[in-house]
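Asks: can't give you the sequence, but here's the structure:
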Ligand SMILES: Cc1cc2nc3c(=O)[nH]c(=O)nc-3n(C[C@H](O)[C@H](O)[C@H](O)COP(=O)(O)O)c2cc1C
């Protein structure tokens, strides 16, 4: 059975455009694949630990081949449990608004927690990073108020949010990625029409990407 993890990075709940477009995608996918198992993480409701000094030191201890202290072991066990929920999924659906050119900080915090040596990546001194996740697929739904691929940069913003997501996923080994852009959500002469079309496009993409 395929397990999909739906990660919501907008705190705006029912008002969120990225979540609504991603939900249209998910509804269409579920209709086509009724056996799909869906796990949803609302990053603004989820109890995410601070990635503090103990956790950063625990990560670097692994990279440098050192043994964890008792404190580091405790925090690392928690990280492993949070990451397992991510790594055990077969596919991912992310709803990602652009915030100040990048991704919302709760999503960055989540990535900082789950992207770990031995869990999602390895690091070879000669050849660099390599991903540990295999045979995964990801769908990334992006929204932004002013930025769009067509709008002049940097006047309307620069896209660090899609590059951040794709580069991170690639480093973890997830390269089968599709992107759905609903941009701009605010600077539009027909926001509601654009919104309706974005949901239709997302539903069609769910059927096509399979
Ligand atoms: C804190 C914050 C920062 C934002 N930064 C940008 C930005 O840099 N560029 C942009 O085009 N839109 C920006 N926006 C607008 C959002 O990307 C836009 O409203 C988007 O539709 C929000 O997605 P959501 O409806 O899923 O929450 C920002 C919105 C917020 C709340």
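Replies: It's in. None of these values were measured; they are calculated from a predicted model. Residues are numbered from 1 along each chain as shown.
Asks: who in the protein is up against the ligand?
Replies: Neighbours of the ligand within the chain, by Cβ under 6 Å from any ligand atom: 10, 12, 16-19, 97-101, 143-147, 157, 185-186. To be clear about C-beta, it is placed using only N, CA and C from the backbone, and glycine gets the same treatment.
Asks: PyMOL command for the buried members of the residues you listed?
Replies: To isolate in PyMOL the members of these that are buried, counting by 16 or more other Cβ atoms under 10 Å, one can use:
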select buried, resi 10+16+17+18+19+97+98+99+143+144+145+147+157+185
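Asks: can you list which of the residues of the chain next to the ligand are found in strands?
Replies: Residues from the residues of the chain next to the ligand lying in strands, with DSSP state E as the criterion: 97, 143.
Asks: got a list of what residue 106 touches?
Replies: By Cβ atoms under 8 Å, 6 or more residues apart in numbering, residue 106 lies in contact with 9, 11, 43, 44, 48.
Asks: in contact with the second one, which residues?
Replies: Contacts here follow Cβ under 8 Å, 6+ apart; on that basis residue 11 touches 44, 104, 106.
Asks: apply 10 Å and report the result again.
Replies: For residue 11, the contacting residues are 19, 42, 43, 44, 45, 97, 104, 106, by Cβ atoms under 10 Å, 6 or more residues apart in numbering.
Asks: try the first one
Replies: The contact partners of residue 9, taken as Cβ under 10 Å, 6+ apart, are 16, 18-19, 22, 41-44, 94-97, 99, 103-108, 110, 141, 161, 165.
Asks: try it again at 6 Å.
Replies: Listed by Cβ atoms under 6 Å, 6 or more residues apart in numbering, the contact set of residue 9 reads 43, 95, 96, 104, 107.
Asks: quick check: closest non-adjacent residue to it.
Replies: residue 107 (4.0 Å; Cβ to Cβ, 6 or more residues apart in numbering).
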